[in-house]
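> Provide a 3D model corresponding to the input given below.
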Amino acid sequence: WSITVIDSEGDVGKCASIALDSYDNPHVSYYDETHHALKHAFFNGIEWHAEVVDNNGNVGLDTSIAIDSTNNIHISYHDENNADLKYAKSIDNTWEIEVVDSDGDTGEISSITLDKNDNPHISYTNRYDFHLYHAYYSDNKWVIEIADDASVLYGSTFITFDPDGFVHILYYDVIPDHFSLKHAYQSNNGWHIEIIDPYLWGGFGTGGANIVFDNLGRLHISYFNWPLQTINYAWKINGIWNLEIIDSQEYGIYVGMYAALAVDQQGIPYVSYMDMNNIDLKYARKIEYSPGIPTLPIGGTRGKPGEKLTYTTTSQDLDNDKIQYGWDWNGDFQVDQWTGFFNS
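Coordinates of the predicted model:
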């Protein structure tokens with residue numbers, strides 16, 4: 001690893017977000033806590049430059065950055081003084097700044113992405129209803145909609161697009177006694193909400209949850225499991241979410257904070273996260289998949305002695321390994337009969 005100090009003027013670097021331009025040069029948006037300002041640092045191929053984007057009040061918390069096809073920079077962030085969601089865009093080395101949403105105390109835990117036309121889409125919440133909001137730029141104006149009005153958001157949001165151009169947002173819901181990791185996604189019929197992990201009650205932790213589509217359009221998710229204090233991974237096969245623990249520690253010490261996820265060309269997930277037990281930055285790469293949870297069997301429910309009945313189920317293995325199925329015929333949760341191996 002080559003490590004470089006980008007900016008050391010004051011207490012800087014909080015809420016950092018990174019993106020690469022078309023030349024693979026990195027750009028970082030971050031909060032300057034000393035001057036209460038939003039800053040942007042970039043590498044021009046030779047050296048790093050840092051600049052103030054917005055210092056009008058206490059601005060720059062919960063920042064997120066994206067870069068469009070013509071290398072314009074887009075940043076979403078929170079204005080603490082005016083309680084607004086703000087947006088900054090660089091055009092010809094000049095920053096254009098505008099308020100996206102000023103209704104109440106809003107704009108927290110924002111995440112930004114760009115659609116195929118380079119229009120920004122932002123996920124965020126506020127401090128008066130804590131619902132999930134989606135703001136997007138269309139026809140020269142901002143459109144604001146509530147994606148989930150039954151949740152209480154905390155920690156972080158993460159927004160992206162699927163291969164068909166529909167928005168997907170990942171977020172934590174802390175409705176009392178029902179903490180969960182949730183997924184809101186669009187279709188031609190509007191917004192849909194699903195629970196990925198319903199078992200987060202019993203703990204309370206940081207944000208950090210990412211959703212990524214691979215080249216085959218498959219969903220991958222990394223997140224911090226609060227009650228178990230582990231770093232977790234989720235993937236979806238046949239409409240069923242498969243959950244697994246990537247890393248854990250003895251004695252219930254935090255591991256998995258600030259989870260981030262990337263997927264390579266082969267669909268292999270890579271996860272970075274913080275190990276609070278050892279105060280370490282850790283990295284995990286998946287090297288082998290288990291088959292996905294099989295679909296519920298389909299077949300007859302009545303029969304006569306000696307009559308042959310056919311039952312079918314299916315599963316997939318993301319490594320394309322062959323799959324063996326175990327059948328529990330008497331309901332005692334023990335496998336009574338194993339099949340041979342079949343293609344995924």
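> Show me the shaky parts of the stretch 101-250 of the chain.
Applying pLDDT under 70 to the stretch 101-250 of the chain picks out no residues at all.
> Swap in 90 and give it another go.
Scanning the stretch 101-250 of the chain for pLDDT under 90 picks out the ranges 176-177, 202-208, 214-218, 236-240, 248-250.
> the strands in it, which residues?
106-114, 120-126, 132-138, 141-148, 153-161, 167-173, 180-187, 190-197, 209-213, 219-225, 230-237, 240-247 (DSSP state E, counting those that start in this stretch).
> Format these as CSV; extra columns: mean neighbour count and distance to T4.
All C-beta atoms are positioned from the backbone trio N, CA, C, and that covers glycine. Listed next are the strands of the stretch 101-250 of the chain as CSV, based on neighbours: other Cβ atoms under 10 Å; distance: least, Cβ to Cβ, whole Å:
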stretch, mean neighbour count, distance to T4
strand 106-114, 24, 25
strand 120-126, 25, 29
strand 132-138, 21, 33
strand 141-148, 14, 36
strand 153-161, 22, 26
strand 167-173, 24, 30
strand 180-187, 20, 34
strand 190-197, 15, 36
strand 209-213, 21, 24
strand 219-225, 25, 26
strand 230-237, 21, 27
strand 240-247, 16, 28
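> Let's have these in CSV, adding distance to N58.
Shown next, in CSV, are these (distance: least, Cβ to Cβ, whole Å):
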stretch, distance to N58
strand 106-114, 12
strand 120-126, 17
strand 132-138, 21
strand 141-148, 22
strand 153-161, 20
strand 167-173, 24
strand 180-187, 29
strand 190-197, 32
strand 209-213, 26
strand 219-225, 27
strand 230-237, 32
strand 240-247, 36
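> Looking at these, spot the one closest to G267.
Closest approach to G267 among the strands of the stretch 101-250 of the chain (Cβ to Cβ): strand 219-225, 7.8 Å.
> And the closest one, how far out from the chain middle?
Here strand 219-225 shows a centroid-to-chain-centroid distance of 7 Å under the convention Cα atoms, centre = their mean, to the nearest Å.
> which non-adjacent residue is nearest the most centrally placed residue in the chain?
Nearest to the geometric centre of the chain sits N210, at 2.1 Å (Cα atoms, centre = their mean). Ranked by Cβ to Cβ, 6 or more residues apart in numbering and with sequence neighbours excluded, the top spatial neighbour of N210 is L261, at 3.8 Å.
> how near is I144 to Y23?
34 Å (Cβ to Cβ, to the nearest Å).
> if we can go back for a sec, the strands of the stretch 101-250 of the chain: which one's closest to D79?
Between the strands of the stretch 101-250 of the chain, strand 106-114 lies closest to D79; by Cβ to Cβ that is 6.6 Å.
> Pairing partners for the closest one, with directions?
Using DSSP bridges, strand 106-114 pairs in its sheet with strand 120-126 (antiparallel).
> Run through who's touching the strand it pairs with.
Strand 120-126 has contacts (Cβ atoms under 8 Å, 6 or more residues apart in numbering) with 62, 64, 66, 74, 76, 85, 87, 89, 100-101, 103-115, 131-137, 147, 153, 157-159, 161, 167, 169, 171.
> Could you list the alpha-carbon positions for that strand in CSV?
This file holds the C-alpha atoms of strand 120-126, laid out as CSV (Å, rounded to 0.1, in the frame of the first residue of the first chain):
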residue,chain,number,x,y,z
PRO,A,120,-27.9,12.8,-9.8
HIS,A,121,-30.0,10.7,-7.5
ILE,A,122,-29.7,11.0,-3.7
SER,A,123,-30.9,8.9,-0.8
TYR,A,124,-31.2,10.4,2.7
THR,A,125,-33.3,11.0,5.7
ASN,A,126,-34.3,13.8,8.1
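> so what's I169 up against?
Applying Cβ under 8 Å, 6+ apart, the residues near I169 are 111, 123, 132, 134, 147, 157-159, 183-185, 211.
> again but with Y283, I slipped
Residues near Y283 by Cβ under 8 Å, 6+ apart: 270-273.
> switch the cut-off to 6 Å
Going by Cβ atoms under 6 Å, 6 or more residues apart in numbering, Y283 touches S272.
> Pairing partners for it in the sheet, please.
S272.
> any idea how far it lies from M274?
Y283 sits 11 Å away from M274, taking Cβ to Cβ as the criterion.
> Could you list the residues in contact with stretch 15-30?
Stretch 15-30 is touched from outside by 13, 31, 39-43, 61-67, 71, 75, with contacts defined as Cβ under 6 Å, 6+ apart.
> Show the pLDDT at W1.
Per-residue pLDDT puts W1 at 66.
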